[in-house]
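Participant: Okay, predicted coordinates and the sequence, questions at the end:
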Amino acid sequence: MEYPEAIDYLYSRLPVFHRIGAKAIKPGLGNTLALCEGLGNPQHQFRSIHVGGTNGKGSSSHMLSAIYQSAGYRVGLYTSPHLKSFTERIRLNGQPVAEEEVAQFVEQHQSLIESIEPSFFEVTVAMAFDFFARHKVDLAIIEVGLGGRLDSTNVITPEASLITNIGYDHTDILGETLPEIAGEKAGIIKAGVPVVIGETHPETALVFSKTAAQLQASLLFADQHYTIQDAGVVDEKRNVAVYQEGRKPHFLSLDLLGSYQLHNLAGVLATVEVLQSVWPVESEALEKGLSEVSMLTGLKGRFQTLQHQPRVIADTAHNQPGLLALLETIQTIPFTTLRIVLGLVADKDRSKVLTSLPQTAVYYFCQAQTPRSFPAVDLQEEAALLWRVGEVFTDVNDALAAALTDASFADLILITGSNYTIAELTNL
């Protein structure tokens, strides 16, 4: 079986969330456990860090991977969704899994897959775990797909769990309130396994405290442990000062420029600190890793500058908390006119998303080539009712071309709203 055939098999035969949404989810861990059993239970053959949360879990996972790579460890990284290639989901020291290995896995285990009838995500998780076990990683960073409690990745027992934050997203699946959503995210907390919470929130802190106490898991709220101050962007690096009680400040430079990464950083630093006795990391490795995340791990689409004059930034923010954090960073950049290329998926709370965006921006509405995309024409109509006005395009690249034509060199063009919109950019 060749790689294109294997990918076609995975997409055409299995329910895929990014195409059909919640209908692709198969509740419970039974399928994943059955797949892993058929593979010899690879999830028990490597050590890991489990990373969940509403926003920032992907960036945090890549930062952790970069840090441990810089410290000399053999690091597996599992994230989702991918932007350009399926192989991005499974990495070893930043390098995507070889296409040949994907094809070999599907061919070798096709009968197992068909006997269980799992979802696309369940198969990719099992594939990742098999890959990490066979390649004997020192540790694997495993990003939760959706929620936590019933997410397919939740068959591991990690060395530590990191929950970045809680916000309103996938409320049709995870619950309508922050405590309900937090309860689902808290499902990755394991008995006796340390858990780090990136951001303290009055509505969710008690959920995590109670769960951790019940499971006798040590609990650390990272933003209470670290104070992080932004020192601005110099030479395309965001400089920060990290303060801890009783210690001298630690100065770091991040290649991930979004100011929202400061919130993610606290959780990452706390996780590394909690695991120092398991995987020691020297200060030099920490500094190098955080300054070279994109290069070391291949991360794209997080406040990524595609060009200057006019400056074009692509960011995968796709819910209200993520967009508000993104716009906070935008305010630190001088520009004449803000032009927003926007595409959303159909199952988001569009009113919350749209009202978080500025009325004064010029909009270019588009849609990704996936059934989950919300039609650009309908998005234009809904946005107009909220005084966000713009033109319609069927392709993100056409929308960007129009924005570039309209823009002066001092304008800022922001492309955002969906992973799938960003993924279809030609020059990402």
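Facilitator: Noted; the coordinates are in hand.

Participant: list the buried ones in whichever strand or helix holds Glu328?
Facilitator: Element membership for Glu328, per DSSP states H and E: helix 320-330. Buried residues in helix 320-330, defined by neighbour count with 16 or more other Cβ atoms under 10 Å: 320-327, 329-330. Backbone N, C-alpha and C define where each C-beta goes, glycine included.

Participant: just the angle between the helix or strand following that helix and helix 320-330, please?
Facilitator: Using DSSP H and E, the helix or strand that directly follows helix 320-330 along the chain is strand 338-342. Angle, strand 338-342 to helix 320-330, by axes from the mean of the first three to the mean of the last three Cα atoms, to 10 degrees: 150 degrees.

Participant: Strand 338-342 pairs with which strands, parallel or anti?
Facilitator: Here strand 338-342 is paired, per DSSP bridges, with strand 362-365 (parallel), strand 412-416 (parallel).

Participant: C-terminal to the first one, what's the next element?
Facilitator: Translated: strand 362-365. Using DSSP H and E, the helix or strand that directly follows strand 362-365 along the chain is helix 376-385.

Participant: roughly how far apart are Glu203 and Thr164?
Facilitator: According to Cβ to Cβ, to the nearest Å, Glu203 stands 16 Å off from Thr164.

Participant: who's more crowded, those two?
Facilitator: Shown here are Glu203 and Thr164; by other Cβ atoms under 10 Å, Thr164 has more neighbours (28 against 12).

Participant: sorry, back to before: who wins for proximity to Thr87 among the strands paired with strand 338-342?
Facilitator: Taking Cβ to Cβ, strand 412-416 is the member of those nearest to Thr87, at 23.3 Å.

Participant: Now do that closest one, average pLDDT.
Facilitator: Per-residue pLDDT over strand 412-416 has a mean of 97.

Participant: Return the set of buried residues in that strand.
Facilitator: Buried residues in strand 412-416, counted by 16+ other Cβ under 10 Å: 412-416.

Participant: Next: stretch 135-155.
Facilitator: In terms of neighbour count (16+ other Cβ under 10 Å), stretch 135-155 has its buried residues at 135, 137, 139-155.

Participant: Quick check: Ala126 vs Leu404, distance?
Facilitator: From Ala126 to Leu404 the distance is 43 Å (Cβ to Cβ).

Participant: Could you double-check that Gly28 lies in contact with Leu150?
Facilitator: Yes. Counting by Cβ atoms under 8 Å, Leu150 is a contact partner of Gly28 at 6.1 Å.

Participant: For stretch 268-279, give the mean pLDDT please.
Facilitator: For stretch 268-279, mean pLDDT rounds to 98.

Participant: Find the nearest non-adjacent residue to the residue nearest the centre of the chain, please.
Facilitator: Residue closest to the mean C-alpha point of the chain, counted by Cα atoms, centre = their mean, is Gly58 at 2.6 Å. Nearest non-adjacent residue to Gly58, counting by Cβ to Cβ, 6 or more residues apart in numbering: Thr79, 5.4 Å away.

Participant: Can you read off the pLDDT for the one you found?
Facilitator: Value for Thr79, per-residue pLDDT: 97.

Participant: got it, and Ala24?
Facilitator: Ala24 is assigned 46 on the pLDDT scale.

Participant: now the one 5 residues further on
Facilitator: We note a pLDDT of 93 for Leu29 in this prediction.

Participant: separation between it and Ala160?
Facilitator: Taken as Cβ to Cβ, the span from Leu29 to Ala160 is 20 Å.

Participant: And the residue of the chain positioned farthest from its centre, how far from Ala231?
Facilitator: Here the chain reaches farthest from its C-alpha mean at Gly246, the gap being 33.0 Å by Cα atoms, centre = their mean. Distance of Gly246 to Ala231, given as Cβ to Cβ: 22 Å.
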